[in-house]
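Enquirer: take a look and give me a structure for this.
(one chain, ligands or ions: 1)
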Amino acid sequence: MSTGKFVCIEGLEGVGKSTNLAFITDWLFRNNIAHVVTREPGGTPIAEEVRGLLLSKRPEPVDAMCELLLVFAARAQHLNTKIRPSLEDGLWVVTDRFTDSTFAYQGAGRGMPLEQIAQLEALVQQGLKPDLTILLDAPAEVGLQRATARGELDRFESERLSFFTRARDVYLDRAAASPDRYLVIDATQSLEAVQREIAAGLERLT
Ligand code: Z5A
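Expert: Below you'll find the predicted structure:
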């Protein structure tokens, strides 16, 4: 039996991931493709609890290694109880963020060594990677302005601009290293232009 496709949408805060996830879901319905839509950190009850730990602001400083391991703990649960079984059932899985976020935020942002992240990726994912990662790319200022306009900022959104500039560079480096698996879209374009490129990328995957 054929497995489903694994699609991930990535990018800095406010670049339009949620907005375009709704477009992707609609595209899948229109094309009669059975699918599951999910997110990271989170996607299962346990992983959502870990998400709460990761995003909430608290008085105790969060150690960078603790943060990294929490991200991968949530991912193991999500991957093994939801993503893999869904793909094996032939469903497409579309996730709002995945391991590229870890390289960008814990790696470039927090300064955790990228090799250590790659080791954890190999351990937890056992070779499973998205078939397509849609990277919505925009200068950090653009997304932060959009996120700030929305209201109260979470623990990550409260980081400095330089954190997000480094994260963007790592996203772009990773996309450049595996161009067959990434679709990089200029997220400063109109929503219609962004969605035309997304639809073309999904079409190629069918
Ligand atoms: N995190 C991590 O550190 N390590 C990891 O491994 C993982 C995650 C997996 C989860 O946040 C946090 O977890 C994240 C990193 C960390 N950091 N933060 N914060 P999240 O993914 O749930 O939240 P987010 O990235 O902050 O998402 P967001 O703020 O909801 O942004 P978005 O989904 O990309 O944007 P949006 O809500 O679709 O759009 C924002 C606004 O812009 C909205 O008003 C839209 O109408 C507008 N918009 C969107 N596109 C356009 C265009 N093209 N033109 C004009 N306006 C637009």
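Enquirer: name the helix or strand for Trp36, please.
Expert: Quick fix: residue 36 is Val, not Trp. Assessed by DSSP states H and E, Val36 sits inside strand 35-39.
Enquirer: counting by contacts, list what that strand packs against.
Expert: If you count contacts as 3 or more CB pairs under 8 Å, 6 or more residues apart in numbering; DSSP states H and E, strand 35-39 packs onto helix 17-30, strand 92-96. Bear in mind the C-beta positions are built from the backbone N, C-alpha and C, glycine included.
Enquirer: and the lengthiest helix in the chain, does that touch the ligand?
Expert: For the chain, the helix with the greatest residue count under DSSP state H is helix 161-177. No. On the criterion CB under 6 Å from any ligand atom, helix 161-177 is out of touch with the ligand, staying 8.7 Å away.
Enquirer: list the buried residues for that helix?
Expert: Phe163, Phe164, Arg166, Ala167, Arg168, Val170, Tyr171, Arg174, Ala175 (16 or more other CB atoms under 10 Å).
Enquirer: for stretch 12-23, same thing?
Expert: Neighbour-count burial for stretch 12-23 [16+ other CB under 10 Å]: Leu12, Glu13, Gly14, Val15, Gly16, Lys17, Asn20, Leu21, Phe23.
Enquirer: any part of it near the ligand?
Expert: Yes. Residues of stretch 12-23 contacting the ligand under CB under 6 Å from any ligand atom: Glu13, Gly14, Val15, Gly16, Lys17, Ser18, Thr19.
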